[in-house]
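Chemist: return a 3D structure for these sequence lines:
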Amino acid sequence: MTSSEVKILNSAGPSPLCNLGRCNLEGPQGNVGAEENGRIPTLTRRKKKLRAPICVKLTLFICLSVMIASGVPELVLWKKVHQQLVGQIEHRLMTVSTLRQEQLKDYLFSEADKTQLISIRILINNYLSNMTTGNKTLAELDLKGAVSVISDFKHAAVYNSKGRLVLATDEYVFQSQIQETYVNSIMGDTPKLQFPVQTPEGWTYIFSRGIFKKEARIGILMVLVNSTKLVSLVYDRTGLQKTGELLIGVPDVQDRIRLLLPAMRNPNVTVLTYSAAMTRAINGESGIVKETDYSGKRVIAAYRPAGFLRWGLLAQLEMKEAYAPVRNVRFVILVTFSVLLFVGAVASLGLAKVFTSPIIELGRAAFALGRGEMRTRVKKGFFLFQDEISNLKDAFNGMAHQIASHQYTLEHKVRERTSDLAHANDVLAMEIEERGRIELELEKAKDIAMAADRSKSEFLANMSHEIRTPLNAIINFTELCLDTQITPEQQEHLDYVRFGAQHLLRLITDILDFSKIEAGKLEMEEIQFSLFEQLEQSLSVLAARAWESGIELCCDFSADAPDHLVGDPGRLLQIFVNLIGNGIKFTKRGEVVVSVSVKSKAENMVELLFAVKDSGLGIPHSKQSLLFQAFSQVDSSTQRVYGGTGLGLAISSKLATAMGGKMWVESEGTEGLGSTFLFTAKFKLCPSSSHSSVIDTDMFKGVRALVVDDNMTTLRIIVDLLKSWGVTAHGVESTEAAKLALENGKDAAGQKYTVVLLDMWLGGSESSELVYYLQGRPSLLEKYQSAANCKRKQSVQSDSNHKPSPSFYCDGHNGDAEQEKDLKDTQLVKSKCSGSQENIEHQDVQKVAENLDSRTEFHSADTVLFAIIMLTSVNHTDSVRCKELGISAHTSKPIKRSLLSRVLQLTLGIQDKMPNDESKNVNELKTPNKCLHILIAEDNPVNQRVAIKLLHKWGHTTVLAGNGAEAIEQAVTQQFDIILMDVSCFLSFLLKFDFSLMLTLDLELSCLYEMLLSFKFL
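Modeler: This next block holds a predicted model:
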């Protein structure tokens, strides 16, 4: 590059490449803007920053390598040497203790043998045997002669069996009388040695042993022994170095250990308060231990039994002296390691200098390039130092040359790009303006779409109402026609008309719900309801449909599931009916089980997990993602075979989401294993005081029930439910098993059953066989005696012309599920029919209760049938068959908790403790239905006709009002029991009504609120 080119580059201002170079070479502290502030960093500071990290890293690396390379072998060497030295030290101590033990045993047993020789001398034994006639002088001479030939024995004495001195070599050395306790302590052939005593003449001790003749003790021999050999044996330091010593311990009173001879290093120590090693030696153990001795020093001790009496031998050596060779070896290894580490650190510093010098030079050149000095180059090394760093210098110089040559080209391109960017900015401004215009148009289109959506929602709402009105008329007039006298062919045609209308009504309801959900206008209610009743009601709706398909419906509540909740019961019922209906639809045989459990619970909130499991076709994994999409099914054949629009699961999933939960499916895709639809929902908990549906378990105390059902799930649920009420319940699956349980005559508690819950159909055949079996053997069931019955105990005799008792039938199923129009219509239809039905049921229940209260204590062939509760289907023929069999109590499946409890109470003759409000309701049910005077406010002629027909059919009188004004006029002039007013009719009137007329008519608004919701089902 020429000098003119360099001037041009410098005159162009700061180069972008220079800025790039400064950014790349800045240290951790940063140096941005230093040139602008006039503070150019010196090369010395940069030199330290570049050199120090490499030196540290290289030094640490080499030191670490030296530590690993030398430390690991030295550590292994130290472990081996330490282990070997410690083993040698311990072996040496054990050898010393073994040798001293053998020497001590030899000495002591030798002395014992010598005393044994004296004790068996004939003259001494003869004198002790008969001291009156024996020669004492000869005995003393014999004793002195025996002592004189033994060098270690100084004196000897012989005592009679009572401890009195009779013979002695020197009477002044021994006591004339010894204690009786000492005499008694010398038993058998075991000698006794007293502790050595130091006298002016040296160490001595007394060796005692018994003199026996024909196993009878006739005397005691006591020998005063010179203990010089014993002392030299104990105090010998051979093998114990300077600080070692040998201790002989003898057990003493109060768990103390007394030394045979005082400690060598401290003669004042004669007693050891505690020594673990000495204790083990006395107990016959041997080994090596490290402990603190009597002077508080750490010692290593080899212990073993002395081999004489219960003495212990302890050879100990101070650890400081014992492990001196180990410390010396450790010191040598540490010094060697330190020297190697120091040499490695010095070598690393020298090597770092060799590497960092060219790097520092490269750094200096890089900073020069960063300041714009494009002629900066690095010097090459000598020929002998041509290496990778030299190649790096060549590459750096080539890079600097290329940077200088491309700088002019780059700046030229920058100017061109700046011009292009200005043009692009102009184009972008035009595009922004165009985008703003498009956004305004999109906003207008959005408003139009929202208006169209509102119009669609209004259209769907209006059309659904307008379509439902004639459909309701078709359904209700069809039902009215079916109640008249018609031919079978006409009845078949009308059934098809009703079925088609109901199916069309369900489709319209699904479409309306789906449109509300999509429009975000779905509103969830917050009212109190009973979860158990709601779920049992959903099963009741579909019970007839399940019975026709031969499918068992079951409902399983977990023990901790709450009953009374706050939420939207109608939407919850809608989900249940949809899922259970699908389970029945796609199940050819088997069962559909609904279960409820608690997933999580807070202070006033609960999240429940619901599951609907069937044993039907199953759903492949690849198709499960399509289930919750609108207008989609598993495959096209499903719609052709089973029907449906594909909206049910989509609506149910949306409703579960609206309840704060989610819905999913679990299925293996195999027929017979079925599918399980699960969803969660959150509800508020009702205060415990506001509702009380818990059954008093004391009511069924002592009741023993046998449940007979061929469905395992239903059997388990009923048994668990009875047990939760305090009933002792057991279940069997067949008639033969029931007979066997009844013939055994006892349950698990050893008592007979008091009631039998029997499924009407067992294995596809009628269970009347078991009824006849019990009727022929009434003694198999025990009469249950409640507290009330025990007080009155009325005797009832069977009449020969016995008539079947009035049966009571508690059933929660009103009509076929296929005949229900939608969930809300179901509730209204049930409320419509509940009055008369409950009256009839209550009258039957009261009659049966009277019969049950008057039974005898023991069952007869006639009264045994009162202890049977038949579980029937929803088919009316089952109820008729129960009456033919003479069964008084029966309830249909699926079982309702409240109805089963009521039937069980009446069967057992239990007086239920009902609150005042419930008693009042029961009394009201006793009164016959009265004719009501009803005002109908409806503007649709079809609905008017249907309402009038139905109310007249039920025995009520009606007055018709075509609009709201006529309704108010009629309400003022006449007295009505009920006012039934259409909502739309009422609201249209309020919009036009002059409320000043209210004051003129002296009419309160409260009278207008005494009405039910409009008859949408008409």
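
Chemist: what about the stretch 801-950 of the chain, any weak spots by pLDDT?
Modeler: For the stretch 801-950 of the chain, applying pLDDT under 70 flags the ranges 801-862, 864, 911-930.

Chemist: what residue ranges in the stretch 551-700 of the chain score low on pLDDT?
Modeler: Within the stretch 551-700 of the chain, the stretches with pLDDT under 70 are 622, 624-625, 630-646, 671-672, 688-694.

Chemist: so where do the strands sit in it?
Modeler: With strands called from DSSP state E, counting those that start in this stretch, the stretch 551-700 of the chain shows them at 551-557, 564-567, 590-601, 605-614, 663-667, 675-685.

Chemist: of all those strands, which lies closest to residue 70?
Modeler: Taking C-beta to C-beta, strand 590-601 is the member of these nearest to residue 70, at 61.7 Å. For the C-beta atoms, the positions are set from N, CA and C on the backbone; glycine is no exception.

Chemist: hmm, who's touching that closest one?
Modeler: The contact list for strand 590-601 (C-beta atoms under 8 Å, 6 or more residues apart in numbering) reads 531, 535, 538-539, 546, 551-558, 560-562, 576, 580, 583-584, 606-616, 672, 674, 680, 711, 713-714.

Chemist: now with 7 Å, please.
Modeler: The contact list for strand 590-601 (C-beta atoms under 7 Å, 6 or more residues apart in numbering) reads 535, 539, 546, 551-558, 560-561, 580, 583-584, 606-615, 680, 711, 713.

Chemist: tell me which of the strands of the stretch 551-700 of the chain sits most buried.
Modeler: For these, the largest average neighbour count (mean count of other C-beta atoms under 10 Å) is found in strand 551-557, namely a mean of 22.

Chemist: what packs against it?
Modeler: Judged by 3 or more C-beta pairs under 7 Å, 6 or more residues apart in numbering; DSSP states H and E, strand 551-557 is in contact with helix 531-541, strand 590-601, helix 712-724.

Chemist: what do you get if the cut-off is 10 Å, keeping everything else the same?
Modeler: helix 531-541, helix 543-548, helix 569-585, strand 590-601, strand 605-614, helix 712-724 (3 or more C-beta pairs under 10 Å, 6 or more residues apart in numbering; DSSP states H and E).

Chemist: and that strand, how far from the chain's centre?
Modeler: Distance of strand 551-557 from the chain centroid (C-alpha atoms, centre = their mean, to the nearest Å) equals 28 Å.

Chemist: just checking: what are the partner strands of that strand?
Modeler: Applying DSSP bridges to the sheet, strand 551-557 is found paired with strand 590-601 (parallel).

Chemist: got the angle for the strand it pairs with vs helix 569-585?
Modeler: In terms of direction (axes from the mean of the first three to the mean of the last three C-alpha atoms, to 10 degrees), strand 590-601 departs from helix 569-585 by 140 degrees.

Chemist: report the angle between the axes of strand 590-601 and helix 531-541?
Modeler: Going by the same axes, to 10 degrees, strand 590-601 makes 160 degrees with helix 531-541.

Chemist: next, the angle from strand 590-601 to strand 605-614.
Modeler: Using the same axes, to 10 degrees: strand 590-601 against strand 605-614 is 160 degrees.

Chemist: ok so, going back, export the helices and strands packed on strand 551-557 as a markdown table, with columns for distance to residue 359.
Modeler: Shown next, in a markdown table, are those (distance: least, C-beta to C-beta, whole Å):
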| stretch | distance to residue 359 |
| --- | --- |
| helix 531-541 | 78 |
| helix 543-548 | 87 |
| helix 569-585 | 74 |
| strand 590-601 | 63 |
| strand 605-614 | 66 |
| helix 712-724 | 81 |
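
Chemist: which among these is found nearest to residue 111?
Modeler: helix 712-724 (85.5 Å).

Chemist: who are the packing partners of the closest one?
Modeler: Against helix 712-724 (3+ C-beta pairs under 10 Å, 6+ apart) you get strand 551-557, strand 590-601, strand 704-708, strand 728-732, strand 755-759, helix 897-908.

Chemist: can you list the strands that the fifth one pairs with?
Modeler: What that stands for is strand 755-759. When DSSP bridges is applied, strand 755-759 pairs with strand 704-708 (parallel), strand 868-872 (parallel).

Chemist: export that strand as PDB, just CAs?
Modeler: Output of strand 755-759 as PDB, limited to C-alpha atoms (Å, rounded to 0.1, in the frame of the first residue of the first chain):
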ATOM      1  CA  VAL A 755     -81.400 -59.200  55.500                       C
ATOM      2  CA  VAL A 756     -80.600 -60.400  51.900                       C
ATOM      3  CA  LEU A 757     -80.100 -58.000  48.900                       C
ATOM      4  CA  LEU A 758     -80.800 -60.100  45.800                       C
ATOM      5  CA  ASP A 759     -80.300 -59.200  42.200                       C
END
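
Chemist: show me the helices in the stretch 251-400 of the chain, by range?
Modeler: Along the stretch 251-400 of the chain, the segments classed as helices by DSSP state H, counting those that start in this stretch run 276-282, 319-322, 324-370, 388-482.

Chemist: follow-up on the earlier one: which one of the helices and strands packed on strand 551-557 lies nearest to residue 395?
Modeler: strand 590-601 (66.5 Å).

Chemist: relative orientation of that closest one and helix 712-724 in degrees?
Modeler: 50 degrees.

Chemist: quick check: angle from strand 590-601 to strand 675-685?
Modeler: Using the same axes, to 10 degrees: strand 590-601 against strand 675-685 is 40 degrees.

Chemist: and strand 590-601, C-alpha only, in PDB?
Modeler: Below are the C-alpha coordinates for strand 590-601, written out as PDB (Å, rounded to 0.1, in the frame of the first residue of the first chain):
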ATOM      1  CA  GLY A 590     -70.400 -55.600  29.900                       C
ATOM      2  CA  GLU A 591     -70.700 -52.500  32.100                       C
ATOM      3  CA  VAL A 592     -70.300 -48.800  32.300                       C
ATOM      4  CA  VAL A 593     -68.800 -47.600  35.600                       C
ATOM      5  CA  VAL A 594     -68.800 -44.000  36.800                       C
ATOM      6  CA  SER A 595     -66.400 -43.100  39.600                       C
ATOM      7  CA  VAL A 596     -65.800 -39.900  41.600                       C
ATOM      8  CA  SER A 597     -62.700 -39.200  43.600                       C
ATOM      9  CA  VAL A 598     -61.000 -36.100  45.100                       C
ATOM     10  CA  LYS A 599     -57.900 -34.900  43.200                       C
ATOM     11  CA  SER A 600     -57.100 -32.000  45.500                       C
ATOM     12  CA  LYS A 601     -58.800 -30.100  48.300                       C
END
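
Chemist: what's the spacing between it and its chain's center?
Modeler: For strand 590-601 - counting by C-alpha atoms, centre = their mean - the centre lies 19 Å from the chain centre.

Chemist: and stretch 87-102, average pLDDT?
Modeler: Averaged across stretch 87-102, the pLDDT comes to 88.

Chemist: what's next to it, contact-wise?
Modeler: By C-beta atoms under 10 Å, 6 or more residues apart in numbering, the residues outside stretch 87-102 that reach it are 233-234, 236-241, 244, 246, 248, 281, 286-288, 290, 300-308, 311, 313-317, 319, 321-326.

Chemist: about what we covered before: out of the strands paired with strand 755-759, which is closest to residue 903?
Modeler: It's strand 868-872; of these, that one is closest to residue 903 (C-beta to C-beta) at 5.8 Å.

Chemist: quick check: angle from that closest one to helix 897-908?
Modeler: Going by the same axes, to 10 degrees, strand 868-872 makes 150 degrees with helix 897-908.

Chemist: who does the following helix or strand past strand 868-872 touch, helix- and strand-wise?
Modeler: Where DSSP states H and E defines the elements, the next helix or strand beyond strand 868-872 is helix 876-885. If you count contacts as 3+ C-beta pairs under 10 Å, 6+ apart, helix 876-885 packs onto strand 765-766, helix 768-776, strand 808-810, strand 868-872, strand 889-892.
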